[in-house]
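1. I would like to see how this sequence folds:
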Amino acid sequence: LGFLPPPSAGSGAKNLGVKDAITALDFINGFISFFGGNNQVTIGGQSSGGHMVRALLAAPSAAGFFRAATLHGDPMNYGFEKTSVHQALQTAFYTGLCNGGDLQCMRSTPLSTILSAQDNFVNTGQAFFVDPSVGTGEPLRPIVDGTTIQFSLTTTYPSQKKPLFITNNKNEAGQAIGNSYPFGCAGCDFVSSMVFALGQNRTDTILAAPWYNPSPPADRTIAPAYRQNGDVIRQALERIGTDQQWRCANWDFARRWAGVGGTAYVGVFDLGALYTDNVSNNYCTQDGVVCHEDEKFLLFGTAPNPTSAQSTLSAQIQARLVKFINNPNQAPNPPSYAQWNAATSSDAKAIALGGSTNGQAVPILGCDPSFWGASVPFDWQVFGE
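-> Predicted structure coming up:
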């Protein structure tokens, strides 16, 4: 409802979800003192919530309401949508709903009916076929409307750069891959799947690289090697999806943020706690896999029956968050934890969170600035977002 209102709502009815968030932040700043707090607010979000945080970073009317931000599992391959794309989605969606979105009809239509129609529009790929720039993972997004959101955060940035704490999981795309291919992918046409998602040029470049091809030429090996468990195709799709949507896109964003004078700390969860949405996903339940959302319990310290390693990591991440929230202008390095340095314009300086390499630099691999974002453009670059 916040990102696809009917055309009859008027030209000003854009980014309603973002405006709701700004209104909430305004309320918090005005009344938090009555609850013993102060107005030194840090905002945070996971997945589409992370994208909402990005929208607030690009909204001048929100700038005075928070001083720092955390983003977790934000699919930064997607930029903000163009107004023209938003209008095309509106036209397509409301053609079959309330005679083009008649406002009086919409007001009398049950909310459940509207949400069900929107779920169908998104989940069956209808939105993608209206305009491929919307992708399939998050087709309804904030818009650079020139009023609420004034900066793309891809080529234009606000003058005030908030300090950022950015994390992603090492197997983010595993959730989508496991849901899409629940019985494995031994008979899948890997190349065709790639071409459909990325186009021929990007596919060719990815397959020629040393990090992804599940069937490399005899004279070439893939590093790091895939687990030879009969599930290599899904592993390859997951690795590509994770790097495109999350890992490399997040690192690219952090480098660009640093390049325009901002501060960002980047981490990768090498250990997770299986989230509720993933308990039936046979990719995410494999040992050592950390899928999208598997950081949630660790962030909040609510993992059910946590292992010793999970409790240790949860304590670490919470200590780092407390340090960051209390003083976002200093590195989130509490005593006894590994040094975490801010990204530079050429190096995200990402560290591993948990696992056997906890606190160490995460290998760059395909996230080299010359590959994703250069030789292989992100979607926001392909579609000029």
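2. All the strands of the stretch 201-350 of the chain, residue numbers only.
-> 264-269 (DSSP state E, counting those that start in this stretch).
3. can you give me the helices for it?
-> 232-241, 248-259, 296-300, 308-326 (DSSP state H, counting those that start in this stretch).
4. now those helices in JSON lines, with mean neighbour count?
-> Just so you know, the C-beta spots here come from the backbone N, C-alpha and C atoms, and that holds for glycine as well. Output for those, formatted as JSON lines (neighbours: other C-beta atoms under 10 Å):
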{"stretch": "helix 232-241", "mean neighbour count": "24"}
{"stretch": "helix 248-259", "mean neighbour count": "24"}
{"stretch": "helix 296-300", "mean neighbour count": "19"}
{"stretch": "helix 308-326", "mean neighbour count": "17"}
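5. Tabulate these (a markdown table), appending mean pLDDT and distance to residue 282.
-> Output for those, formatted as a markdown table (pLDDT from 0 to 100; distance: least, C-beta to C-beta, whole Å):
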| stretch | mean pLDDT | distance to residue 282 |
| --- | --- | --- |
| helix 232-241 | 95 | 10 |
| helix 248-259 | 98 | 26 |
| helix 296-300 | 97 | 20 |
| helix 308-326 | 97 | 21 |
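6. Make a markdown table from these and add distance to residue 118 to it.
-> Below are those laid out as a markdown table (distance: least, C-beta to C-beta, whole Å):
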| stretch | distance to residue 118 |
| --- | --- |
| helix 232-241 | 24 |
| helix 248-259 | 25 |
| helix 296-300 | 24 |
| helix 308-326 | 33 |
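7. Any idea which of those helices gets closest to residue 46?
-> helix 296-300 (6.4 Å; C-beta to C-beta).
8. So which elements touch that closest one?
-> Contact partners of helix 296-300 among helices and strands, from 3 or more C-beta pairs under 8 Å, 6 or more residues apart in numbering; DSSP states H and E: helix 308-326.
9. Now do the helix it packs on and strand 264-269, the angle between them.
-> Helix 308-326 runs at 170 degrees relative to strand 264-269, counting by axes from the mean of the first three to the mean of the last three C-alpha atoms, to 10 degrees.
10. And the contacts of the following helix or strand past helix 308-326?
-> With elements assigned by DSSP states H and E, the helix or strand that comes after helix 308-326 is strand 351-353. Here strand 351-353 makes contact (C-beta atoms under 8 Å, 6 or more residues apart in numbering) with 167, 266-271, 313, 316-317, 338, 340, 358-362.
11. And the next helix or strand past strand 351-353?
-> helix 379-382.
12. okay, that next one in PDB with CA atoms only?
-> C-alpha atoms of helix 379-382 as PDB (Å, rounded to 0.1, in the frame of the first residue of the first chain):
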ATOM      1  CA  ASP A 379      20.800  -3.900 -12.300                       C
ATOM      2  CA  TRP A 380      20.800  -0.300 -11.100                       C
ATOM      3  CA  GLN A 381      23.500   0.400 -13.700                       C
ATOM      4  CA  VAL A 382      21.900  -1.600 -16.500                       C
END
